[in-house]
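>>> Predicted model, plus sequence, below.
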Amino acid sequence: MPSHRNASLKVLVVEDSKVVLKGLCNYLERMGIANPLTAETGLAALEVYERERPDIILLDALLPDIDGFEIAKRIRAKEHPEEWTAIIFLTSMSKDEDLVHGITAGGDDYLMKPISQVVLQAKISAMRRLVEMQRKLVDTTHQLNAANKELQRLSTTDGLTGIANRRMFDELLMREWRRCQRAKKPLALVMVDVDFFKQYNDTYGHQAGDACLQAVAKQMARSAPRASDVAARYGGEEFALILGDTEIDGAVWVANYIRQNIADLKMAHKRSPFNHVTVSCGVAAIVPSDKATPNELILSADHALYLAKEQGRDRVAG
Ligand code: GH3
Ligand code: MG
Ligand code: MG
Ligand code: MG
Ligand code: MG
C-alpha cells in the first residue's frame with residue numbers, strides 16, 4: 001500500500017543483520033518509503049538520530065554494541081519538548097517482560113521477528129497517524145504562541161501611539177514602586193498634557209489630532225533618557241513618564257527636555273497663543289513606603305500639572 005503520505009516520512013532502520021536490514025528496507029520501499037536511513041550498530045543509530053531526527057525508528061533490540069533499550073532511553077532523553085520520534089522495537093525475545101521492558105525504555109510498539117511485511121506496514125501506518133498528529137499539534141502550538149504574544153502586545157500597547165497603554169502603565173508603576181521601595185530610592189512621575197488640544201481638533205480635524213498625538217508620543221518615548229524609563233499614554237491627550245531611581249530635580253529636568261523637544265517639532269497650532277503645539281508637565285517624586293500608594297504619586301503629579309496649566313501652559317511644574 002504505497003501512499004504519497006509515506007514519502008514524507010523519515011524512517012531509520014537499526015538492524016545488525018544485513019539480510020534482515022535489506023528485507024526491512026524492501027518492505028518499506030514497497031509502501032512508498034524510498035531510501036530509508038539505516039544503521040547497523042547502536043552508536044551509528046544515535047549518530048543518525050542526532051543528524052536526521054527521523055519520524056520513526058525500527059529498532060533492533062539486540063545490537064553488537066549498545067542494546068536497543070538503552071538507545072531508546074538515550075533518544076527520549078535527547079528529544080526536545082516539541083519533538084517526538086516513534087520507536088518500534090524489533091526483537092526475537094518473546095516474553096511479556098521483554099515487551100514491558102521495551103515500552104518502559106521509551107518504545108511505542110513492539111514487533112516479533114520474523115517480521116511480517118503486512119504487520120510492519122500496518123504498524124508504520126499507525127505510527128504515521130501519530131507522527132502527523134504530532135506535527136499538527138506542534139503547528140497549532142506555534143500558532144497559539146504567536147496569537148498569545150500578539151494578544152499580550154495588544155493588551156499592553158496603545159493602539160494609536162504604539163507606546164504602553166494605561167493598563168501597562170498601572171502595572172509598571174506598581175512594579176517600579178516596589179523596586180524603588182526595596183532599594184529605598186525615589187520614584188518620579190511626569191504627567192504630560194497637550195495644551196489647547198480641543199481647539200487643535202476643532203481647527204484641524206480629529207485625524208490631524210490623532211497624528212499630533214502620535215508625534216507627541218514618539219517624541220516622548222525618544223526623549224526618555226534611560227531604557228528603563230517608561231512612556232505611556234495615560235488617557236486622551238495625556239501621557240505619563242515613569243522615572244525610577246530619580247529625584248524631583250532630575251525629573252523636572254527630563255520634563256523640560258521633553259517639553260522643549262515637543263515644542264521644537266513646531267507643529268502648527270494657530271488657535272494656541274504659542275502658534276505651535278505645546279505641552280504642560282506636572283512632576284512629582286516620592287520614596288515609596290508602606291505609608292503611601294502609587295495613587296498618591298499620580299495625584300501629586302496631576303496637581304503639579306494643574307499648576308503648570310494655571311501658570312500659563314508650555315511649562316513644567318513640580
Ligand atoms: P488644556 O490646555 O487645558 O489641556 O486644554 P485641552 O483643550 O487640551 O483639554 P481638554 O481636556 O478640554 O480637551 C482634550 C481634548 O482631547 C478633547 C478630546 O476630544 C481630545 N482627545 C482625547 N483623546 C483623543 C484622541 O485619541 N484623538 C484625538 N484626535 N483627540 C482626542
Ligand atoms: Mg540484532
Ligand atoms: Mg484639560
Ligand atoms: Mg490638554
Ligand atoms: Mg487633558
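Right, received. Where do you want to start? Ligands and ions are numbered 1, 2, ... in the order given.
>>> Can you name the residues of this protein sitting close to ligand 1?
The chain comes close to ligand 1 at residues 160, 193-198, 201, 206, 209-210, 213, 236-237, 309, 313, as judged by Cβ under 6 Å from any ligand atom. All C-beta atoms are positioned from the backbone trio N, CA, C, and that covers glycine.
>>> again, only this time at 8 Å
Selection of the chain residues close to ligand 1 by Cβ under 8 Å from any ligand atom yields 160, 193-201, 206-210, 212-213, 235-237, 280, 309, 313.
>>> Got a quick PyMOL command for the buried subset of those?
Here is the PyMOL command that selects only those of the residues of the chain next to ligand 1 that count as buried (16 or more other Cβ atoms under 10 Å):
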select buried, resi 193+194+195+196+197+200+201+209+212+213+237+280+309+313
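>>> And the helices in the stretch 51-200 of the chain, which stretches?
For the stretch 51-200 of the chain, helices defined by DSSP state H, counting those that start in this stretch occupy the ranges 68-78, 96-104, 117-156, 166-183, 197-204.
>>> and these as TSV, adding mean pLDDT?
Formatted as TSV, the helices of the stretch 51-200 of the chain follow (pLDDT from 0 to 100):
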stretch	mean pLDDT
helix 68-78	96
helix 96-104	91
helix 117-156	95
helix 166-183	97
helix 197-204	98
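>>> quick one: which of those helices is nearest Ile87?
Closest of these to Ile87 is helix 68-78, at 5.2 Å (criterion: Cβ to Cβ).
>>> who touches the closest one?
14, 42, 45-46, 49-50, 57, 59-63, 85, 87, 89-91, 101-102, 105-107 (Cβ atoms under 8 Å, 6 or more residues apart in numbering).
>>> Beyond the worst-scoring helix or strand of the chain on mean pLDDT, next helix or strand please.
The element with the least model confidence among the helices and strands of the chain, by mean pLDDT, DSSP states H and E, is helix 4-7, at a mean of 78. The C-terminal neighbour of helix 4-7 among helices and strands, as given by DSSP states H and E, is strand 11-14.
>>> and after that next one, which helix or strand comes next?
On the C-terminal side of strand 11-14, the nearest following helix or strand under DSSP H and E is helix 18-30.
>>> what sits up against that following helix?
By Cβ under 8 Å, 6+ apart, helix 18-30 touches 2, 11, 13, 15, 35-36, 38, 40, 58, 60, 90, 113, 115, 117, 120-121, 124.
>>> Out of the helices of the stretch 51-200 of the chain, flag the one nearest Lys291.
Distance to Lys291, taken as Cβ to Cβ, is lowest for helix 166-183 among those, at 10.6 Å.
>>> between that closest one and helix 117-156, how big is the angle?
On the basis of axes from the mean of the first three to the mean of the last three Cα atoms, to 10 degrees, helix 166-183 is oriented at 80 degrees to helix 117-156.
>>> Any buried residues in helix 166-183, and which?
Judged by neighbour count using 16+ other Cβ under 10 Å, the buried positions of helix 166-183 are Met168, Phe169, Asp170, Leu172, Leu173, Glu176, Trp177, Cys180, Gln181.
>>> got the CA positions of stretch 135-151 in CSV?
Taking C-alpha atoms only, stretch 135-151 is exported to CSV below (Å, rounded to 0.1, in the frame of the first residue of the first chain):
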residue,chain,number,x,y,z
ARG,A,135,3.1,17.7,13.6
LYS,A,136,-0.3,19.3,13.7
LEU,A,137,0.0,19.7,17.5
VAL,A,138,3.3,21.5,17.0
ASP,A,139,1.9,23.7,14.3
THR,A,140,-1.1,24.6,16.5
THR,A,141,1.1,25.3,19.4
HIS,A,142,3.2,27.7,17.3
GLN,A,143,0.1,29.4,16.1
LEU,A,144,-1.3,29.7,19.7
ASN,A,145,2.0,31.0,20.9
ALA,A,146,2.1,33.7,18.2
ALA,A,147,-1.5,34.6,18.9
ASN,A,148,-0.8,34.8,22.6
LYS,A,149,2.1,37.0,22.0
GLU,A,150,0.1,39.3,19.8
LEU,A,151,-2.7,39.4,22.3
